[in-house]
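Trainee: Sequence first, then the predicted structure, then my questions.
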Amino acid sequence: NAGVTQTPKFQVLKTGQSMTLQCAQDMNHNSMYWYRQDPGMGLRLIYYSASEGTTDKGEVPNGYNVSRLNKREFSLRLESAAPSQTSVYFCASKWTGDYGYTFGSGTRLTVV
Amino acid sequence: GESVGLHLPTLSVQEGDNSIINCAYSNSASDYFIWYKQESGKGPQFIIDIRSNMDKRQGQRVTVLLNKTVKHLSLQIAATQPGDSAVYFCAENGNTDKLIFGTGTRLQVFP
């Protein structure tokens, strides 16, 4: 099993550019999450999807959009990247009612 | 808002010693707590969890202790090994279906 797969692993963007971070899980999990990780601030929730067809804002949603394409895939889009969005982004998934998140290996994004 | 925090940002221990990583939580409604390990360049990995109806749970070389009276959580690692070097995060559920993560403690193991 691959678990949670994120692409790309690294990306450099110029301010104002757009991009989509991809996430796919093969564990048939219902819930999927996008977190960002910044030094000294831990993991902060951007958006989540409790089930296919639903998405909700987390703690820091501004500047991002998401799409739950199907049960397996949950993408995160930056429409107009800003230097403040330089971070490491993690996708995670889990069963409904469970708390054992499985994380991907992350996407390191730099906005210059 | 509610938050989860850690007392020690960096912990250095000698190989073979026991490690104790502490965490304070503030949401008294949380009924589930979890510890994750994150190695450099990787995503967090599940270590051990505990529900609020327990005060201790043991795994392989790891023990989690929960003190609800003072809202304190700790992770004990027995006979710490170089492979234990990582950042450790505690998290609580805030009685929701989402986890709130602490800022992390870096564990350094030296020979």
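Mentor: Now that the structure is in, tell me what you want to look at. Numbers count the residues shown, from 1 in each chain, chains lettered A, B, ... in the order given.
Trainee: Next, the contact list for the residue nearest the centre of chain A, please.
Mentor: Nearest to the mean C-alpha position of chain A, by C-alpha atoms, centre = their mean, lies A:Trp34 at 3.0 Å. Shown in contact with A:Trp34 (C-beta atoms under 8 Å, 6 or more residues apart in numbering or on different chains): A:21, A:23, A:45-48, A:58, A:64, A:66, A:74, A:76, A:89-91. Yep, even glycine has a C-beta here, placed from its N, CA and C like the rest.
Trainee: now those in JSON lines, with pLDDT?
Mentor: Shown next, in JSON lines, are the contacts of A:Trp34 (pLDDT from 0 to 100):
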{"residue": "A:Leu21", "pLDDT": "98"}
{"residue": "A:Cys23", "pLDDT": "98"}
{"residue": "A:Leu45", "pLDDT": "95"}
{"residue": "A:Ile46", "pLDDT": "97"}
{"residue": "A:Tyr47", "pLDDT": "97"}
{"residue": "A:Tyr48", "pLDDT": "96"}
{"residue": "A:Gly58", "pLDDT": "94"}
{"residue": "A:Tyr64", "pLDDT": "98"}
{"residue": "A:Val66", "pLDDT": "98"}
{"residue": "A:Phe74", "pLDDT": "98"}
{"residue": "A:Leu76", "pLDDT": "98"}
{"residue": "A:Tyr89", "pLDDT": "98"}
{"residue": "A:Phe90", "pLDDT": "97"}
{"residue": "A:Cys91", "pLDDT": "98"}
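Trainee: ok, so of those, who is nearest B:Gln14?
Mentor: A:Phe90 (31.4 Å; C-beta to C-beta).
Trainee: Any figure for the gap between the closest one and A:Lys14?
Mentor: Distance of A:Phe90 to A:Lys14, computed by C-beta to C-beta, to the nearest Å: 23 Å.
Trainee: A:Arg108 too?
Mentor: From A:Arg108 to A:Lys14 the distance is 16 Å (C-beta to C-beta).
Trainee: quick one: which of these two has more around it?
Mentor: Using other C-beta atoms under 10 Å in any protein chain shown, the more surrounded residue of A:Arg108 and A:Lys14 is A:Arg108, with 15 against 8.
Trainee: what pairs with the more buried one across the strands?
Mentor: Beta bridges link A:Arg108 to A:Phe10, A:Val88 when assigned by DSSP bridges.
Trainee: can you pull up the bridge partners for the closest residue to B:Thr80 other than its chain neighbours?
Mentor: Of all residues not flanking B:Thr80 in the chain, B:Ser19 sits nearest, at 4.7 Å (C-beta to C-beta, 6 or more residues apart in numbering or on different chains). Beta-bridge partners for B:Ser19, by DSSP bridges, are B:Ile77.
Trainee: Was I right to think B:Ser19 contacts B:Ala79?
Mentor: No. Taking C-beta atoms under 8 Å as the definition, B:Ser19 is not a contact partner of B:Ala79, at 9.4 Å.
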